[in-house]
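>>> All I have is the shape, not the residue letters:
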């Protein structure tokens, strides 16, 4: 049973960089798309981007200038960095798995989510 | 403003059937598979339907999905109080180059 767990600071100061890690347990990180999705308080879901390998990464164009997603296969982890954060980046951040061979909007396994607040 | 349009809220009685709509365009729903998610209060979204009408293992057949043109629909029959949740549709938008979601529908089971 594959499980995902997000970890990272719950509070980030404005203009600084948000950093989160998602640990994949119960299965290999290889062979899947791994994504980040966020949800501002009381609002809907926003796709941030995915990583398949170090050479196959894609970002939401609206966030592309500030986002970096990376993978560490030796630790079965992938990470999110979002720079120059503002209060608008306050959200619950989810990591999720996108299985191959399904529509790109398919996320079959999700982490529990981690709340990140941007405040001084 | 979400790219995909869902009704903000719906309500129905236990045992009844409800349909949740998701309206898009030719650059998203019209040319891509649609997925549906259930988000119970305080929890992560859960995949209910993928590829328009496929159910993952463990999802009861009370949940169904369909697509016609640039719209998709999630159907839930035999409503239970445990179905009270927010429901989201999602798909790929080829013009924006990103996965897009609907704004969500809050389902109340009275």
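Right, received. Where do you want to start? None of the values given here were measured: they were computed from a predicted structure. Residues are numbered from 1 along each chain as shown, chains lettered A, B, ... in the order given.

>>> Can you pull the residues of chain A lying near chain B?
Contact residues, chain A versus chain B (Cβ under 8 Å from any Cβ of the partner chain): A:35, A:44-47, A:58, A:60-62, A:94, A:102-108, A:110-113. Bear in mind the C-beta positions are built from the backbone N, C-alpha and C, glycine included.

>>> And residue 101, what's its pLDDT?
Assuming you mean chain A. Here the pLDDT value assigned to residue A:101 is 83.

>>> if you could check chain B rather than the one you did, that'd help
Here, the pLDDT recorded for residue B:101 equals 97.

>>> Also residue A:104?
If you check residue A:104, the pLDDT there is 88.

>>> Please settle this for me: is it part of a helix?
No. Residue A:104: not assigned to a helix; according to DSSP: H, G, I helix; E, B strand; the rest coil it is coil.

>>> which residues does it contact?
A:98, B:32, B:33, B:91, B:92, B:99 (Cβ atoms under 8 Å, 6 or more residues apart in numbering or on different chains).

>>> how about a cut-off of 6 Å?
Each residue near residue A:104 by Cβ atoms under 6 Å, 6 or more residues apart in numbering or on different chains is listed here: B:92, B:99.

>>> Relative to residue A:27, how far out is it?
Taking Cβ to Cβ, to the nearest Å as the measure, residue A:104 falls 21 Å from residue A:27.

>>> what's the answer for residue B:74, then?
In terms of Cβ to Cβ, residue B:74 sits 28 Å off from residue A:27.

>>> In terms of neighbours, single out the busier of those two.
Neighbour count, other Cβ atoms under 10 Å in any protein chain shown: between residue B:74 and residue A:27, residue B:74 has more, with 27 against 14.

>>> which is the next helix or strand following the one helix or strand the more buried one maps to?
Element membership for residue B:74, per DSSP states H and E: strand B:71-76. Next in sequence after strand B:71-76, counting helices and strands by DSSP H and E, comes strand B:85-93.

>>> Once you drop chain neighbours, what's closest to the residue of chain A found nearest chain B?
Residue nearest to chain B within chain A (Cβ to the nearest Cβ): residue A:103, separated by 2.7 Å. Distances taken as Cβ to Cβ, 6 or more residues apart in numbering or on different chains place residue B:33 nearest to residue A:103, at 2.7 Å, with adjacent residues excluded.

>>> number of nearby residues for that neighbour?
If you count neighbours by other Cβ under 10 Å, residue B:33 ends up with 22.

>>> and it, how far is that from residue A:45?
Distance from residue B:33 to residue A:45, counting by Cβ to Cβ: 17 Å.

>>> just residue B:38 next, same as before
Look at residue B:38 and residue A:45: by Cβ to Cβ, they are 12 Å apart.

>>> what's across from the nearest residue to residue A:102 once chain neighbours are set aside in the sheet?
Distances taken as Cβ to Cβ, 6+ apart place residue B:50 nearest to residue A:102, at 5.4 Å, with adjacent residues excluded. Note on residue B:50: beta-bridge partners by DSSP bridges are residue B:54.

>>> who's in contact with residue B:50?
Counting by Cβ under 6 Å, 6+ apart, residue B:50 has contacts A:102, A:106, B:35.
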